[in-house]
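>>> Could you look at this predicted model? Sequence included:
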Amino acid sequence: MTEDPSTTFITGEDRSGADRERLLARAFLRLADTLVDDFDVVDFLHGLSADAVSILGAQAAGVMLDDGRGGLRLVASSEERMRLLELFELQSEQGPCLDAFRTGTTQQADATEGRRRWPGFAGVASEVGFHAMCGVPLQLRGRVIGALNLFRHSDTSFSGTEIVLAQSMAQVAAIGLLQQRALADGHLLAEQLQAALQSRVVIEQAKGMIAEYRNVSVDEAFQVLRSRARNHNLRLTQLAQQVTAKTVGGDFFRSSGGQET
């Protein structure tokens, strides 16, 4: 049994209900798995971005977190275009993610509505191939700690079901992050965000090194990094540190293609 394509948009193809249920089950298990000693905020939020793309029919997704001073900082994104677009969103101070964070409500727009509400941002988004856009707050009981950004190549808005799923994923992520902060004995947002930003810098450096050595794109380099981390049961930041220190092994840099075992 397949879902009605009018209510489902999964990377250009329909998914069966069972397939989506399996993806959702795995996603929520990952989102709930924060009570571990080596919890990695950046790895966690990159996973949220990747799950959003797989489950919600977005072509790209990213996450920003509250910087403790009323603003947002970019922490994770599913691809390089998305990362650059979200940085522009922060610089231009307009876009769905910012509005979702400020209002605590989900913000969605097609290309026409996007240009009306966020003319500068929507114009740049369109130039890089994104037309439909959505911002979902990461919040729990009215406390907003960040936002999830979703983008589509087409001008097809996210369905009501997809919005509910996105909101559920964002809320579970917020619960996990707030739980980690509570366990940190009061060293809450500032320290957690700083650690996440430092981790992201290392990941960006590792992506650049892999792209150069393997002669692949930055997005392909990131897939290599994530695949290697999963297959070797490593945290993303941990592997990135090994890559930048060149302790990961020469064969890793000599391998070609985007797959990793």
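Everything's here; your move.

>>> top helix in this protein by residue count?
For the chain, the longest helix by residue count, based on DSSP state H, is helix 189-214.

>>> what's the average pLDDT for stretch 91-102?
Mean pLDDT, computed over stretch 91-102, is 94.

>>> Give me the distance between the two termini of stretch 88-99.
In stretch 88-99, first residue to last residue: 15 Å (C-alpha to C-alpha, to the nearest Å).

>>> Mind listing what's buried along it?
For stretch 88-99, the neighbour count (16 or more other C-beta atoms under 10 Å) marks 88-90, 94-99 as buried. C-betas here are computed from N, CA, C, even on glycine.

>>> chain center to the helix or strand hosting T112, what's the gap?
Using DSSP states H and E, T112 falls within helix 111-117. Computed by C-alpha atoms, centre = their mean, to the nearest Å, the chain-centroid distance of helix 111-117 equals 23 Å.

>>> Now the element after it, going C-ward?
Counting by DSSP H and E, what follows helix 111-117 is helix 119-127.

>>> Against which helices or strands is that following helix packed?
helix 80-92, helix 111-117 (3 or more C-beta pairs under 8 Å, 6 or more residues apart in numbering; DSSP states H and E).

>>> can you put those helices in JSON lines and add distance to I145?
Converted to JSON lines, those look like this (distance: least, C-beta to C-beta, whole Å):
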{"stretch": "helix 80-92", "distance to I145": "16"}
{"stretch": "helix 111-117", "distance to I145": "23"}
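
>>> and of the ones you listed, who's closest to M64?
For these, the distance to M64 is smallest for helix 80-92, at 6.7 Å, taking C-beta to C-beta.

>>> what's whichever helix or strand comes after the closest one packed up against?
Sequence order places helix 96-103 as the next helix or strand after helix 80-92, per DSSP H and E. Identification of packing neighbours for helix 96-103 by 3+ C-beta pairs under 8 Å, 6+ apart yields strand 60-66, strand 72-77, helix 80-92, strand 107-109, strand 132-140, strand 143-152.

>>> Need the CA coordinates for the helix or strand hosting A25. PDB is fine.
Using DSSP H and E, A25 maps to helix 17-32. The C-alpha trace of helix 17-32 is given here as PDB (Å, rounded to 0.1, in the frame of the first residue of the first chain):
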ATOM      1  CA  GLY A  17       3.500   3.500   4.600                       C
ATOM      2  CA  ALA A  18       5.600   0.700   6.100                       C
ATOM      3  CA  ASP A  19       8.800   2.300   4.700                       C
ATOM      4  CA  ARG A  20       8.000   5.600   6.200                       C
ATOM      5  CA  GLU A  21       7.000   4.000   9.500                       C
ATOM      6  CA  ARG A  22      10.400   2.300   9.600                       C
ATOM      7  CA  LEU A  23      12.200   5.500   8.900                       C
ATOM      8  CA  LEU A  24      10.200   7.300  11.600                       C
ATOM      9  CA  ALA A  25      10.900   4.600  14.100                       C
ATOM     10  CA  ARG A  26      14.600   4.800  13.500                       C
ATOM     11  CA  ALA A  27      14.600   8.500  13.600                       C
ATOM     12  CA  PHE A  28      12.800   8.800  16.900                       C
ATOM     13  CA  LEU A  29      15.000   6.200  18.400                       C
ATOM     14  CA  ARG A  30      18.000   8.300  17.500                       C
ATOM     15  CA  LEU A  31      16.400  11.500  18.700                       C
ATOM     16  CA  ALA A  32      15.600   9.800  22.100                       C
END
